[in-house]
Structures are given as C-alpha cells and as structure tokens.
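Enquirer: Sequence first, then the predicted structure:
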Amino acid sequence: MLDMKYIRQQPDEARRRLQARGESAERIDELLALDERRRALVTEEETLKAQRNAASKEIGALMKAGKQADAEARKNEVREMGERIAQLEQQTRDADAAFDDALLHLPNLAHSSVPEGKDAADNPEIKTHGAKVEFGFKPKTHLELCDELKLVDFERGTKLAGSGFLLYTGWGARLERALIQYLLDLHVLEHGYTEVSPPFMVNAECMVGVGQFPKFLNQAYAVQEGLDTTTLGKRYLVPTAEAPVANMHREEILRQDELPKNYCAYSPCFRAEAGAAGLQTRGMIRVHQFDKVELIKIALPQDGYAELEKMRANAERPLQELGLHYRVVLLCTGDMGFAAAKTYDIEVWAPGQGSYLEVSSVSNTEDFQARRMRLRYKTTDGANHLPHILNGSGVALARLFVSLIETHQQADGSIAIPAPLQPYLRTDCIRR
RNA sequence: GGAGAGGUGGCCGAGUGGUUGAAGGCACAGGUUUGCUAAACCUGCGUAGGGGUUAAACCCUACCGGGGGUUCGAAUCCCCCUCUCUCCGCCA
C-alpha cells in the first residue's frame, strides 16, 4: 500500500512513477478524488460529533443540578443531531471503503535504481555465474531422466490430483527431501536465518498484507471445510511461505533493536495459475504445487537495500555450491511484481530445456507490505516507523531439481550428485 | 461436536452508564542522588484520522476483540459474530 500523504504531496511524481510501472496515471487522480471526498465527510461528521459531545456533557451537568426540564429540552435538540450524524457515518463508511479498495489495488512504486522498461525483454542482466555445460553426448531432458530413473511419476501425479501435480518417487522423492534439508541448513546454519515452520494455510488478512489480495485472489486455492460453504475463503493454501512468515509480526510494534529479523522457512507452494497460458501437462517447470525455501527479512528502512544485496547473495549460494550455471537479472519497472520496489530474479540454466529457469525472486517491498499489515517498529525516542520487508526464494525446488539433474547427467544416463548434497542423499550418484 | 471462562494501552492488570484515554504495576526515555553497578526518587510515555503551524505548540474525532442496537451520552447495558483458554468427545 502506498503512502497517501506522499501521493497528496507529490502527485506529479506519483503519477510518473506509477506510469513507469505500466499503470494509468489517472488512477492517482481517482485516488485523490476519493481521498478528498472522504476527508470532507470526515470533517463534517467530526464537527457534528464534537457539538454533540459538548451538548451531552451539558446535559449531564444540568441533570446533576436538578434542572430536569432544561435537560429534556437539550436532549431533543441533540437527538436530531444524532440522526444527521448517523447519515454521515454511513456515507463516510462507503467513502472509506471505496478509497481503501482503490489504494489496495495500486502496486508499489519502483526504487530509483530500477531501470524503466516495459517487460522482461528490458531486464538488464547484471551477473552470470559459471558457464553452460558442454556434454560429449546428447543431453536428455528432465522428462526423459525422470522417466528412465523413475524420479517422478507424472501420470500418477495427474491421477491423484490432476495436471500440474507431481508424484516424486524413489530417488526423486529422496532428492527433493535432501534439497529442502540442504537449503534450510545452509541458510540457517551458515547465513544465520532463524528457521520457522509456518502453517501452510493462511487467512485472507495475511494475503492482503503481502499484496496477494485483493488483486490476485483468483490465483489462490481457497479452502472450504467439508460442505460448509460459509467457511469458503476463511483460509487459503499458501502460494509461498512469504504469506505466513512476512505476516508473523503483523499489527505489532517491534523495538528498533530487534531488527533486522531474518527468517527462513520451507513450505509447499500452491498456485492455481488461473488463466496462465502454456501450463504443461507434463514437466516440472510450471506446476500447481512445488516446494520452496523462502527467506524473509524485516529491516530498518536505511538498511533495506543493503539487506537486499545480502539476501541475493544468500540465494545465489546454493546454486554455486551445486555447480549450476545461472544469471541474475534486475527486473525493470514494467516487469516487477505487485508489491516489490526492486527485484532481482535468479535464473538457473537447464541444458535439457536450453533455457534459463527462474528459481528465485529477491525483492525489497520497502514499506508497502508493512503499511498493509500495520507492522511498525519503535525507535528509542518513541517514534513509530514502518520497516522494510524483504522476501526472496532460497530457492524454488521443482526448477532447481530440473536444472540439477539436467546439468549433472552423465553419458550412461546416471546423475552425479554434487558434494554438498551427498551427505543428505548418502550417495554420489543416482542410477537405475 | 458438547460445557464453561475470557478478550482493556508495548506487557500485566483495575474499572458496570457522565472530565475514564482509561487507576495501579512492569517495561521504556529523560533527570536527581550516588566511587562504578544496583537501588531510590522525580518527570515523561498509547494508536489512528481530520484540522492547524515554516516547523512545533495546539484543537477536534475515533479506538477498551469485530459489527449492530438502546441512550442526550456506552469500556460499562442488549443482540450477533469472532478469537483465545480450560474440561469432555473425536482424531494424526
């Protein structure tokens, strides 16, 4: 959620920055109009309330003094005032709702270091690590490897839950589990994050807090208890651990010396991908459920961008250790997610696909999410401020799995396991 | 699912219709005393919105889980909802 004071004070700048994100600048003017209407109603309502409060106090004094007749006369006056106030209250409520709805639908504005651009084609590549693997043989795709080594049973995954759901089997299941454990250990033991294991469902408030709702409600899986339709929408399967973890301190006031908070969490991620084009019935690139280890930071505003760089380095680390080739791109204004002010995407090379796969998105949302969830911190002199909230995948698993097996496949069809993973998998090679 | 208890400021905890935004305590900030630390004492200290100011000061409104109602006036009375806790049942 954007700062309305900023929009009121710098409307031209807000218009320009919103436009850079591919949104219509008119939305600022709509918002300003709604804000003005809202404030006019509030002012009128509060003036009347002040009069009523004063009159009520007088009535109390009159009654105490025994002047019943005078008190009754005043009561009649005030009663009429009450009717007008009730009308205004209703109008204010409606105006507030319209204003809030408009504000909640506006995306975050980009940080000044973010390049302007229209879409992914305008994202500058800022770094590459390693090089595309060369094979002395024709490399297989992850689909072939999964079939031959029986790592994933795509048909049965579909049988169990429908297309876009995976059934890992044998070494595939063990590899998935090993990767989760490896990633958690890396971030917790070596990068100093505090591990949390959150609920895999959250309420709607959490979804609003991180910016998933109201705009992307159709992307979520809404849960219902049995056939009781009144419970539909009370909870949603998490699209990412960011939803529960970033909201851990929602509506709290943290002490400045508690920051930064660094959290790391594993969760499965559920995404309906409504309307997404090209959802493959086979393959692991785009699915409705995948595993992910997520990093979350709550930081002082002045530290937000330094923490973003740290987090990006933390997210890159496992790719380096696993011997994977990847690149980092800086998302341009037109390609960023709704809540982000600045985002790095980390894309890992998948030789069988002949393309880079996004395995991590590392963002600073600045105070956008904090304002939505009313999360603040108190400085030592007692002032409340909004912290920066950062999130980053560290990393997404299904695609990491693809890159890993495609990269480390060998001529005989087996897969070499990189050293850091061997203790978790208790083997150095997966073969039939 | 059944029965009961309860949601008050950063925390604990008083408060059953009229200067109660809310006693008291803790925590926190500033100060005094003091070899240091500690202790004691004094002072300050909720959140949000609107108005106001160069900025403050200041003024107003709302908020005691949420929403309605009664009333001139509600933390306080009534109704609904919600969440938490305890016991029972069921269950991984």
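Expert: Great, that's in hand. Computed from a predicted structure; not experimentally measured. Numbering: from 1, shown residues only, chains lettered A, B, ... in the order given.

Enquirer: State the distance from A:Ile389 to RNA strand B.
Expert: As for A:Ile389, its distance to RNA strand B is 16 Å (criterion: C-beta to the nearest atom of the strand, to the nearest Å). Where you see a C-beta, it was placed from the backbone N, CA and C, and this is true even at glycine.

Enquirer: State the paired neighbours of the lowest-mean-pLDDT helix or strand in chain A in the sheet, together with their directions.
Expert: Within chain A, no helix or strand scores below strand A:253-255, which has a mean of 81 by mean pLDDT, DSSP states H and E. When sheet partners are counted by DSSP bridges, strand A:253-255 sits next to strand A:376-378 (parallel).

Enquirer: any idea which helix or strand comes after the strand it pairs with?
Expert: strand A:384-385 (DSSP states H and E).

Enquirer: in the next helix or strand after that following strand, what counts as buried?
Expert: The helix or strand immediately downstream of strand A:384-385 is strand A:388-396, counting by DSSP H and E. Buried residues in strand A:388-396, defined by neighbour count with 16 or more other C-beta atoms under 10 Å: A:His388, A:Ile389, A:Leu390, A:Asn391, A:Gly392, A:Ser393, A:Gly394, A:Val395, A:Ala396.

Enquirer: Farthest pair within the residues you listed?
Expert: Using C-beta to C-beta, the buried residues of strand A:388-396 span at most 22.7 Å, a distance reached by A:His388 and A:Ala396.

Enquirer: As a markdown table, the buried residues of strand A:388-396 with distance to A:Leu254 and pLDDT would be great.
Expert: A markdown table is the format used below for those (distance: C-beta to C-beta, whole Å; pLDDT from 0 to 100):
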| residue | distance to A:Leu254 | pLDDT |
| --- | --- | --- |
| A:His388 | 12 | 92 |
| A:Ile389 | 12 | 94 |
| A:Leu390 | 15 | 96 |
| A:Asn391 | 17 | 97 |
| A:Gly392 | 20 | 97 |
| A:Ser393 | 24 | 95 |
| A:Gly394 | 23 | 91 |
| A:Val395 | 28 | 93 |
| A:Ala396 | 29 | 95 |
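
Enquirer: Export these as JSON lines, with columns for distance to A:Gly233.
Expert: Output for the buried residues of strand A:388-396, formatted as JSON lines (distance: C-beta to C-beta, whole Å):
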{"residue": "A:His388", "distance to A:Gly233": "30"}
{"residue": "A:Ile389", "distance to A:Gly233": "25"}
{"residue": "A:Leu390", "distance to A:Gly233": "29"}
{"residue": "A:Asn391", "distance to A:Gly233": "24"}
{"residue": "A:Gly392", "distance to A:Gly233": "29"}
{"residue": "A:Ser393", "distance to A:Gly233": "27"}
{"residue": "A:Gly394", "distance to A:Gly233": "30"}
{"residue": "A:Val395", "distance to A:Gly233": "31"}
{"residue": "A:Ala396", "distance to A:Gly233": "27"}
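
Enquirer: what does stretch A:304-316 rub up against?
Expert: A:111, A:113, A:129, A:187, A:191, A:193, A:260, A:295, A:297, A:299, A:326, A:328, A:342, A:344, A:346, A:360, A:362-364, A:366, A:388, A:390, A:392-395 (C-beta atoms under 8 Å, 6 or more residues apart in numbering).

Enquirer: now these: which count as buried?
Expert: Counted by 16+ other C-beta under 10 Å, these give A:111, A:187, A:191, A:193, A:260, A:295, A:297, A:299, A:326, A:328, A:342, A:344, A:346, A:360, A:362-364, A:366, A:388, A:390, A:392-395 as buried.

Enquirer: Mind checking which of the contacts of stretch A:304-316 are in strands?
Expert: Counting by DSSP state E, these place A:129, A:295, A:297, A:299, A:326, A:328, A:342, A:344, A:346, A:360, A:362-364, A:388, A:390, A:392-395 in strands.

Enquirer: Could you list the domains of chain A?
Expert: Listed domain ranges for chain A are A:4-104, A:120-430 (source: automatic domain parsing).

Enquirer: which one of those has the lowest average pLDDT?
Expert: For the domains of chain A, mean pLDDT drops lowest on domain A:4-104, to a mean of 87.

Enquirer: Say whether RNA strand B is contacted by that one.
Expert: Yes. Judged by C-beta under 7 Å from any atom of the strand, domain A:4-104 and RNA strand B are in contact via A:4, A:39, A:42-43, A:45-47, A:49-50, A:52-57, A:59-60, A:63, A:75, A:78-79, A:82, A:86, A:93.

Enquirer: what's the distance between A:Thr407 and A:Cys146?
Expert: 14 Å (C-beta to C-beta, to the nearest Å).

Enquirer: got the residues of chain A near RNA strand B?
Expert: A:4, A:39, A:42-43, A:45-47, A:49-50, A:52-57, A:59-60, A:63, A:75, A:78-79, A:82, A:86, A:93, A:234, A:253, A:376, A:378, A:380-382, A:384.

Enquirer: Give me the subset of those residues lying in strands.
Expert: Short answer: the residues of chain A next to RNA strand B in strands (DSSP E) are A:Ile253, A:Arg376, A:Lys378, A:Asn384.

Enquirer: Are there helices or strands packed against the helix or strand where A:Ala102 lies, and which ones?
Expert: Using DSSP H and E, A:Ala102 sits in helix A:68-104. For helix A:68-104, the contact count by 3 or more C-beta pairs under 8 Å, 6 or more residues apart in numbering; DSSP states H and E identifies helix A:26-64 as packing neighbours.
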